[in-house]
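Sequence and predicted model, in that order:
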Amino acid sequence: MHILPAPQPAESIEHAALPAVTLEQQTVGGLRFYDRREIKDVLAYLRTVINPADTVSLKRVINVPRRGVGKSTIEKLEQGAQTLGVPLWEILKDETSVKTLAGRSAKAVLSFVEVIKTWQAQIETASASDVVQGVIDDVGYIRDLKAKGTDEDLERVQNVQELYNAVLQFQEESEDKSLQEFLANASLSSDLDDLDEQKQTKVSLMTLHSSKGLEFPVVFLVGLEQGLFPNFRSLEDPAATEEERRLCYVGITRAQERLFISHARMRRLYGSREPASPSLFLGELPRDYIDTNIAAAIPTRWAKTMRSAKADAVADNRPDIHEDDWTVGDKVMHKAFGPGQVTHIFGAGNKICLAIKFPGHGQKIIDPKVAVLDRVQ
């Protein structure tokens, strides 16, 4: 059995319906929903909120969307964490250490940290959908994609909105409605293998483009709705509408014996349920070949959107301080943090940093060329 979703995101079949009835599936000719870059980005943000010690997720999103935190900055922050033997998050949440290691990128790093902290504080009280929507809004993920404005980026926007819809559906159907439970069920696996002729018991999902030249006994062509297939942008361009009409014909002619075409009466768009109108293509089908009376559809539009740095360099007029000037165990006095003791020294030459443990303030990474440190005998 083969399912051909409409070209625009109709992934609820992939990430909700089929797993719910335990049907084996495989995606052919494209990425599975949870393997798309934008979906991985959002999930990585959510995993970071729940568990900031997840360094893999943290590193994935610290500069997504781009906020001026380059590779070298991340490496310096990681080096600090490795030197102290702590997770990267422990360095990031300490403002002094970030300013020491991140330099001009410190403001962007600290802004990122504030977003994570904000939603960490609400994880036990806010609904999963509120956290998802809030994180996406606060980091400007959709704004960034829309600003780029390419067709690919606009499709990514729709995929992110579909993920939000999946969270809403999860909340409606699951006993444990927590974000943690949603993430536990979210699959990040990818299956890009072609059809395996020895395993034809699987439901195969493929795009209409990928189906060209293939035929199957039974085909389900789903999501034939105005705004979805044809999509809203195509409705404004007769040539684009005609191209989608040809694509619809491709889907119809993939079926050798039986063809099922479906559309939804209601579809969740951008977080709210909206009436869905049948595609104009349905009204063009020969009446003699269909079992149900289908009236020609009138195009309708609906669209709702989801809730929609440079740090000044510190002038350094102080004499050069080299690694040889410091040893582990040195006792110091800091103007803000009081007495402390050097626990680690890393870097080389005139680019060293000190890890200093201050009673009552914890361990901080400090640039001795910038901070006023007095040795205490």
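That came through, no problem.

How many residues are close by the closest residue to Ser174 other than its chain neighbours?
Spatial nearest neighbour of Ser174, excluding adjacent residues (Cβ to Cβ, 6 or more residues apart in numbering): Glu181 at 6.6 Å. Where you see a C-beta, it was placed from the backbone N, CA and C, and this is true even at glycine. Residues lying near Glu181 (other Cβ atoms under 10 Å) number 15.

and Glu181, that's in a strand?
No - read with DSSP: H, G, I helix; E, B strand; the rest coil, Glu181 is helix and lies in no strand.

In this structure it contacts Val167, no?
No - counting by Cβ atoms under 8 Å, Val167 is not a contact partner of Glu181; they are 10.8 Å apart.

still on that earlier bit, look up how far Ala44 lies from the residue nearest to Ser174.
According to Cβ to Cβ, to the nearest Å, Glu181 and Ala44 sit 18 Å apart.

cool, Val61 as well?
Distance of Val61 to Ala44, given as Cβ to Cβ: 5 Å.

now swap in Val376 and tell me
For Val376 relative to Ala44 (Cβ to Cβ), the value is 44 Å.

same check, this time on Ile91
From Ile91 across to Ala44, the span is 18 Å (Cβ to Cβ).

Among these two, which residue is more densely surrounded?
Taking neighbours as other Cβ under 10 Å, Ile91 and Ala44 compare with Ile91 leading, 27 against 20.

Buried residues of stretch 63-80, list them for me.
Asn63, Val64, Arg67, Val69, Thr73, Ile74, Lys76, Leu77, Gln79, Gly80 (16 or more other Cβ atoms under 10 Å).

residues contacting the nearest residue to the fourth one once chain neighbours are set aside?
The shortest distance from Val69 to any residue other than its chain neighbours is 4.2 Å, reached at Asn63 (Cβ to Cβ, 6+ apart). Counting by Cβ atoms under 8 Å, 6 or more residues apart in numbering, Asn63 makes contact with Val69, Gly70, Ile74.

And the nearest residue to Pro230 once chain neighbours are set aside, how close does it get to Asp176?
The shortest distance from Pro230 to any non-neighbouring residue, by Cβ to Cβ, 6+ apart, is to Glu244 (4.3 Å). Distance, Glu244 to Asp176, using Cβ to Cβ: 40 Å.

between those two, who's got more neighbours?
Legend: neighbour count by other Cβ under 10 Å for Glu244 and Asp176, higher for Glu244 (23 against 10).

Which strand or helix spans that one?
helix 238-252 (DSSP states H and E).

same thing with Lys59?
helix 55-61.

If we go by neighbour counts, what in that helix is buried?
Ser57, Leu58, Lys59, Arg60, Val61.

Do a quick rundown of the helices in the chain.
Ranges of helices within the chain are 12, 18-20, 37-50, 55-61, 71-84, 88-92, 95-102, 106-120, 128-139, 141-148, 151-173, 179-185, 232-235, 238-252, based on DSSP state H.

Same list (these) but as a markdown table, adding distance to Pro217 and mean pLDDT.
What follows is the helices of the chain, written out as a markdown table (distance: least, Cβ to Cβ, whole Å; pLDDT from 0 to 100):
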| stretch | distance to Pro217 | mean pLDDT |
| --- | --- | --- |
| helix 12 | 25 | 49 |
| helix 18-20 | 19 | 51 |
| helix 37-50 | 32 | 94 |
| helix 55-61 | 42 | 95 |
| helix 71-84 | 51 | 92 |
| helix 88-92 | 53 | 95 |
| helix 95-102 | 59 | 92 |
| helix 106-120 | 48 | 96 |
| helix 128-139 | 40 | 95 |
| helix 141-148 | 39 | 94 |
| helix 151-173 | 29 | 89 |
| helix 179-185 | 32 | 86 |
| helix 232-235 | 30 | 76 |
| helix 238-252 | 15 | 87 |
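
tell me the most buried of those?
helix 95-102 (a mean of 23; mean count of other Cβ atoms under 10 Å).

Now do that helix and helix 106-120, the angle between them.
140 degrees (axes from the mean of the first three to the mean of the last three Cα atoms, to 10 degrees).

Other residues contacting helix 95-102?
Outside helix 95-102, the residues touching it (Cβ under 8 Å, 6+ apart) are 69, 73, 76-77, 79-80, 91-92, 106, 108-110, 113, 311, 337, 353, 364-367, 370-371.

Relative to the whole chain's centre, how far out is it?
Between the centre of helix 95-102 and the centre of its chain there are 27 Å (Cα atoms, centre = their mean, to the nearest Å).
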